[in-house]
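Enquirer: Model the following, please.
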Amino acid sequence: MKKYIVAITGASGSVFALRLIEALVTVAEVHVIISSEAIPIIAYETGLDLVTGTGNDPTRTERLRRHFNTERLFYYEDDCLHSPLSSGSFITDGMYVVPCSMKTLSGIANGYADNLIIRAADVVIKEGRSLVLSPREMPFSAIHLENMLKLARLGVVIAPPVPAFYSQPNDLADVIAFITGKLLDCMSIPHSLFRRWNGHHGRD
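Expert: All right, here's what the predicted structure looks like:
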């Protein structure tokens, strides 16, 4: 079974990460890293208290597993630098950082691995594996863009959560599904989350 890492940083848009995890656990083992800054944002934006307890209390993993109804999920805090994800010998098929804060983007671009998210991304880059970053900021400054360009030249996929409307979404759930589907496309993971453009206007 394939293994993917999904990291959630302290930027708005955690709903995209949750939907991505929901899709990934149906086909793969998923290792989730949640930054300390992201924990209150997830609760505020989604109303879900997914991580309770202190430290790497097993109840955090169990709470996430219950939410996503899977045993294929493993949880890590961002200060857990002794985790398997810190080593290139732990084989994964790729990593997502969704949403990716500008602080995390800078850390990855400059190799400043002071937490598990950045260290895991550093490992993925050095091992030549797939890395997808979904930067959540607007507008981007020249600093942000330069960091993205630096990473893109290394083969990192920069995939901000930009919606399209040719699929004629009915509601916010459809927009979230579209973004999630595009993120899955970045790693060639099959899905049917949105209707693809077929060269014709309107619905099929």
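
Enquirer: which residues does the nearest residue to G128 once chain neighbours are set aside contact?
Expert: Distances taken as CB to CB, 6 or more residues apart in numbering place G155 nearest to G128, at 7.9 Å, with adjacent residues excluded. For glycine as for every other residue, the C-beta is placed from the backbone atoms N, C-alpha and C. The contact partners of G155, by CB atoms under 8 Å, 6 or more residues apart in numbering, come to I125, G128, L131.

Enquirer: Would you agree the second one falls within a strand?
Expert: No: when DSSP: H, G, I helix; E, B strand; the rest coil is applied, G128 is found to be coil, with no strand at that position.

Enquirer: Where in this structure is the helix or strand with the lowest mean pLDDT?
Expert: When the helices and strands of the chain are scored by mean pLDDT, DSSP states H and E, helix 58-68 comes last with a mean of 83.

Enquirer: pLDDT wise, what is the closest residue to G10 other than its chain neighbours at?
Expert: Closest residue to G10 apart from its sequence neighbours, by CB to CB, 6+ apart: E37 at 2.6 Å. Per-residue confidence (pLDDT) for E37: 92.

Enquirer: coming back round to it: which among the contacts of G155 gets closest to Y4?
Expert: Closest approach between the contacts of G155 and Y4, by CB to CB: L131, at 10.9 Å.

Enquirer: ok, that closest one - contacts?
Expert: Counting by CB under 8 Å, 6+ apart, L131 has contacts G94, M95, V97, A121, V124, I125, L151, G155, V156, V157.

Enquirer: mind running it again at 7 Å?
Expert: G94, M95, A121, V124, I125, V156, V157 (CB atoms under 7 Å, 6 or more residues apart in numbering).

Enquirer: sorry, back to before: and the residue nearest to G128, that one's in a helix?
Expert: No: going by three-state DSSP, the assignment for G155 is coil, not a helix.

Enquirer: For T9, see how far away it is.
Expert: 21 Å (CB to CB, to the nearest Å).

Enquirer: can you check A120 too?
Expert: Separation of A120 from T9 (CB to CB): 12 Å.

Enquirer: swap in L105?
Expert: In terms of CB to CB, L105 sits 9 Å off from T9.

Enquirer: More neighbours: those two, which one.
Expert: A side-by-side neighbour count of L105 and T9, using other CB atoms under 10 Å, places T9 first with 31 against 28.

Enquirer: coming back round to it: quick check, nearest of the contacts of L131 to R66?
Expert: M95 (24.1 Å).

Enquirer: The closest one contacts I125, doesn't it?
Expert: No: the pair M95 and I125 fails to qualify as a contact (CB atoms under 7 Å) at a distance of 9.2 Å.

Enquirer: Neighbour count for the two, which is higher?
Expert: M95 (26 against 19).

Enquirer: ok, what's across the strand from the more buried one?
Expert: I5, L131 (DSSP bridges).

Enquirer: Report the contact partners of it.
Expert: Counted by CB under 7 Å, 6+ apart, M95 has contacts Y4, I5, A7, A120, A121, V124, L131.

Enquirer: Identify the farthest-apart pair in those residues.
Expert: Farthest pair in the contacts of M95, by CB to CB: Y4 and A121, 12.9 Å.

Enquirer: With that, I have no additional questions.
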